[in-house]
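Student: I would like to see how this sequence folds:
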Amino acid sequence: MNISSIVVQTLPKFVEEVVASLKACEACDYHLHDEKGRIIITIEGEGVSEELEKLHVIEAIPHVIAADMQMAYSEDELDEHMEVLKNADVVPKMLYDDDLKPEDIIYNGDLKKKNLEGFAKTFDDTKNRV
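Tutor: Numbering: from 1, shown residues only. Sure thing, here's the model as predicted:
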């Protein structure tokens, strides 16, 4: 199951009309909007193809200027990544210890100063070995 958040953009003068269309549309779930014409919805699908089909339905609603995916969650992908993390050395084993006290964890860095590309490469390399 995939779930994605979408920001739909319309002109402020059409926002109520587009919101009504989105609420009536079975392709998405409406969440909120603002006076600037930004509307937040989510779509669900068994895979990316189904989500893209639903996104095209949203894009075809009259007065929709843009409908852009902002965040995506893939249950299968998450399960796959969790399996890789459980079997890899990239996550310290101590973090799997349910008896570990938070005050015993020593923080050694600022995420903004970390080499995220290097971490991603290590993660991908580890994933390929599993």
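
Student: give me the pLDDT value at the residue of the chain most remote from its centre.
Tutor: Distance from the centre of the chain peaks at D104, with 31.6 Å (C-alpha atoms, centre = their mean). D104 carries a pLDDT score of 80 in this model.

Student: what residues sit buried inside the helix or strand harbouring I39?
Tutor: Here I39, judged by DSSP states H and E, is contained in strand 38-45. Under the neighbour-count criterion of 16 or more other C-beta atoms under 10 Å, strand 38-45 has I39, I40, I41, T42, I43, G45 buried. C-beta coordinates here come from the backbone N, C-alpha and C atoms, glycine included.

Student: and P62, how far from E83?
Tutor: Distance of P62 to E83, computed by C-beta to C-beta, to the nearest Å: 44 Å.

Student: out of the two, name the residue with the larger neighbour count.
Tutor: Remark: of P62 and E83, E83 carries more neighbours, 12 against 9, as counted by other C-beta atoms under 10 Å.

Student: flag every buried residue along the strand or helix carrying that one.
Tutor: Assigned by DSSP H and E, E83 falls within helix 75-86. Within helix 75-86, the residues scored as buried using 16+ other C-beta under 10 Å are V84, L85.

Student: perfect, I'm done here.
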